[in-house]
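Participant: please find the sequence and the predicted model below.
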Amino acid sequence: MVNGSGSVFSCGGSIIHHEWVITAAHCLANRYTFVVRIGLTNLTRPEYILETDRKYLHPNYHEISAGVQTDDIALLGLDRRVEYGPNIQPCRLQNSESKNRDFTGVILTISGYGMTDDSWNGGTTSEILRFVYLRGISNQRCLEWYPGSSVIQDETICASYYNVTSQSSCQGDSGGPLTFVDTDGKPTMVGVASFVSSAGCSSLWPSGYVRPGHYHRWYKEVTGINFDWTYEDTEPEPAPPAPEEEEEEEDTPSWANYV
C-alpha cells in the first residue's frame with residue numbers, strides 16, 4: 001500500500017472471488033494505490049502481481065482517524081480476473097448463521113508474512129508464508145486483558161497462543177485470515193487480523209480479529225455477489241438407491257449370464 005507521501009506498507013489479504021480481496025480497513029485507510037501479490041508462498045514468486053486503487057472501507061470505519069476500530073474490514077477490487085489453480089483458491093467466509101459462534105478453546109490458524117519477532121523494537125518480516133495455531137477465547141475473557149475497550153464487540157473474535165507465547169499474528173499480518181476447519185470439514189475464515197497488544201506480539205496478550213460473518217449485506221452491496229451460505233448447502237447429496245436385483249429363474253445356473 002502507498003500513501004500520499006509515497007511511503008510503502010504491507011498487509012495480508014485473502015481472495016474471496018476472482019476479482020475481490022478481503023483485508024483490514026486500517027491497511028487501506030489513507031492510502032491510494034495498492035500492489036497485490038497473489039498465488040504465492042514466497043513473496044518473490046507470486047503468480048499474479050496486480051495494481052489497483054479500488055478500495056472499499058466499511059462505512060462504519062472512520063478513515064481519517066484510522067487505527068484500531070470495531071469494523072476494521074475492507075474490500076479491494078481487482079481490475080483483472082484472477083483464475084483459480086493449485087495455489088489460488090477463494091477463501092470461504094464465515095456465514096451469517098455462525099457469526100456469533102463461541103470459539104472458546106477452538107484451535108484456529110493465522111497465516112501471513114508479518115514480523116517473526118517482537119516488532120515494536122524493529123523486527124523483520126518473513127519472505128515465506130508462515131502460520132501458527134492459536135486458541136479462541138471469549139470476548140469476556142478478552143476484555144479482561146483490554147479493560148474498557150470499545151473495540152471488542154460482537155463483531156470481534158480474540159485468540160491467544162496455542163502452547164507458546166510467541167504464537168501470534170504480528171505487524172504485517174493485518175488483514176490476513178484467521179481460519180479453522182468447520183463442522184463440514186471445510187476451512188473457513190472466521191477472522192480478519194486487526195490488532196495485537198502494544199505489549200508485543202510474543203506477549204501473553206491475545207490478538208484481535210474482525211468476524212466476517214457480520215458483514216454479508218455489505219459485501220453484496222459493494223460487489224453484487226452473495227457470499228453467504230448455510231450448512232445445508234454443504235451437505236452431500238444422498239446416494240441414489242441401489243438398483244433392485246432381478247430374481248433369477250430357478251432352472252438357470254448362476255454362471256449362465258457370463259461368457
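Facilitator: Right, received. Where do you want to start? Residues are numbered from 1 along each chain as shown.
Participant: all contacts plus neighbour counts: C-alpha atoms, from now on.
Facilitator: Noted.
Participant: pull out the buried residues from stretch 139-151.
Facilitator: Buried residues in stretch 139-151, defined by neighbour count with 16 or more other C-alpha atoms under 10 Å: 139, 142-143, 146, 151.
Participant: residues contacting it, please?
Facilitator: 68-70, 152-154, 156-158, 205-206 (C-alpha atoms under 8 Å, 6 or more residues apart in numbering).
Participant: give me the pLDDT for the residue nearest the centre of the chain.
Facilitator: Nearest residue to the geometric centre of the chain (C-alpha atoms, centre = their mean): P177, 2.7 Å. On pLDDT, P177 comes in at 96.
Participant: burial measure for the closest residue to it other than its chain neighbours, as a count.
Facilitator: Of all residues not flanking P177 in the chain, V192 sits nearest, at 5.2 Å (C-alpha to C-alpha, 6 or more residues apart in numbering). By other C-alpha atoms under 10 Å, 31 other residues sit near V192.
Participant: can you tell me the element V192 falls in?
Facilitator: Using DSSP states H and E, V192 maps to strand 187-195.
Participant: buried sites along that strand?
Facilitator: 187-195.
Participant: mind listing what the residue nearest to the centre of the chain touches?
Facilitator: 12-14, 110-111, 189-193.
Participant: and the helices in the stretch 151-259 of the chain?
Facilitator: Along the stretch 151-259 of the chain, counting by DSSP state H, counting those that start in this stretch, helices occupy 216-223, 231-234.
Participant: and those, which is most packed in?
Facilitator: helix 216-223 (a mean of 15; mean count of other C-alpha atoms under 10 Å).
Participant: work out the gap between that one and the centre of the chain.
Facilitator: Between the centre of helix 216-223 and the centre of its chain there are 17 Å (C-alpha atoms, centre = their mean, to the nearest Å).
Participant: related to what we said a few turns ago, among the contacts of P177, which one lies nearest to G213?
Facilitator: Sorting those by how near they are to G213, with C-alpha to C-alpha, puts V190 at the top with 7.3 Å.
Participant: so who does that closest one touch?
Facilitator: V190 neighbours (C-alpha under 8 Å, 6+ apart): 93-94, 177-180, 210-213.
Participant: before we move on, the earlier item: now, the most widely separated pair of the contacts of P177?
Facilitator: Between any two of those (C-alpha to C-alpha), the greatest distance is 15.0 Å, for G12 and V190.
Participant: just to revisit the earlier point, please compute how far the strand holding V192 lies from its chain's middle.
Facilitator: Per C-alpha atoms, centre = their mean, the displacement of strand 187-195 from the mean C-alpha position of its chain is 4 Å.
Participant: rewinding a little: against L143, how distant is the residue nearest to the centre of the chain?
Facilitator: 22 Å (C-alpha to C-alpha, to the nearest Å).
Participant: what does Q167 give?
Facilitator: 20 Å.
Participant: likewise L57?
Facilitator: The value you get for L57 to L143, if C-alpha to C-alpha is used, is 26 Å.
Participant: ditto for E97
Facilitator: Here E97 is placed at a distance of 24 Å from L143 (C-alpha to C-alpha).
Participant: what does Y231 give?
Facilitator: From Y231 to L143 the distance is 31 Å (C-alpha to C-alpha).
Participant: S203 contacts Q167, doesn't it?
Facilitator: No. Using C-alpha atoms under 8 Å, S203 is not in contact with Q167, being 9.1 Å away.
Participant: between these two, who's got more neighbours?
Facilitator: Neighbour tally, S203 and Q167, criterion other C-alpha under 10 Å: the higher count belongs to Q167, 22 against 19.
Participant: what about L143, which SS state?
Facilitator: helix (DSSP: H, G, I helix; E, B strand; the rest coil).
Participant: what pLDDT does it get?
Facilitator: So, for L143, pLDDT stands at 96.
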